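**Q** Turn this into a model:
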Amino acid sequence: MVAPSGTAPISRALVQLLKSNLDLKSALNGGIHEGIAPEGSTYPFLTYHLWYGNYVSGWGNLDINAGYNVYIWSRDQVEARNL
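**A** Residues are numbered from 1 along each chain as shown. This next block holds a predicted model:
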């Protein structure tokens, strides 16, 4: 079996995980966006982007270590922290 290459499958898994949290999803009036949210997005909203994606090889395996920045944007810092 050949594993998918790149970080796209990891990004899809992250978004699926975020959307599976129904409380979070219903609280984000402006939705979930990759990179920069569109102008005029309703607060609160969530943005995420790939911070790093390194290939790591060892003992015949090739893995990807990926890190993401995930931010909640709100006009109220308490609401953002709670989300």
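**Q** The residue of the chain most remote from its centre and residue 50: what is the separation?
**A** Within the chain, residue 59 marks the point farthest from the mean C-alpha position, 29.8 Å out by C-alpha atoms, centre = their mean. According to C-beta to C-beta, to the nearest Å, residue 59 and residue 50 sit 26 Å apart. For glycine as for every other residue, the C-beta is placed from the backbone atoms N, C-alpha and C.
**Q** Same question for residue 61.
**A** Following C-beta to C-beta, the distance that separates residue 61 from residue 50 is 21 Å.
**Q** who's in contact with stretch 18-27?
**A** 32, 44, 46, 48, 70, 83 (C-beta atoms under 8 Å, 6 or more residues apart in numbering).
**Q** Narrow those to just the buried residues.
**A** 32, 44, 46, 48, 83 (16 or more other C-beta atoms under 10 Å).
**Q** and the fourth one, that's in a helix?
**A** The reference is to residue 48. No - going by DSSP: H, G, I helix; E, B strand; the rest coil, the assignment for residue 48 is strand, not a helix.
**Q** for it, which residues make a bridge with it?
**A** residue 34, residue 70 (DSSP bridges).
**Q** and residue 12, how many residues sit next to it?
**A** If you count neighbours by other C-beta atoms under 10 Å, residue 12 ends up with 11.
**Q** This protein: helices as residue ranges?
**A** 8-20, 22-27, 77-82 (DSSP state H).
**Q** Turn those helices into TSV, including distance to residue 37.
**A** Output for the helices of the chain, formatted as TSV (distance: least, C-beta to C-beta, whole Å):
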stretch	distance to residue 37
helix 8-20	14
helix 22-27	15
helix 77-82	14
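**Q** Of those helices, which is nearest residue 65?
**A** helix 8-20 (9.7 Å; C-beta to C-beta).
**Q** The residue lying closest to residue 41 once chain neighbours are set aside - how many residues pack around it?
**A** Counting by C-beta to C-beta, 6 or more residues apart in numbering, residue 30 is the residue found nearest to residue 41 once chain neighbours are left out, at 4.1 Å. Residues within reach of residue 30, counting by other C-beta under 10 Å, total 17.
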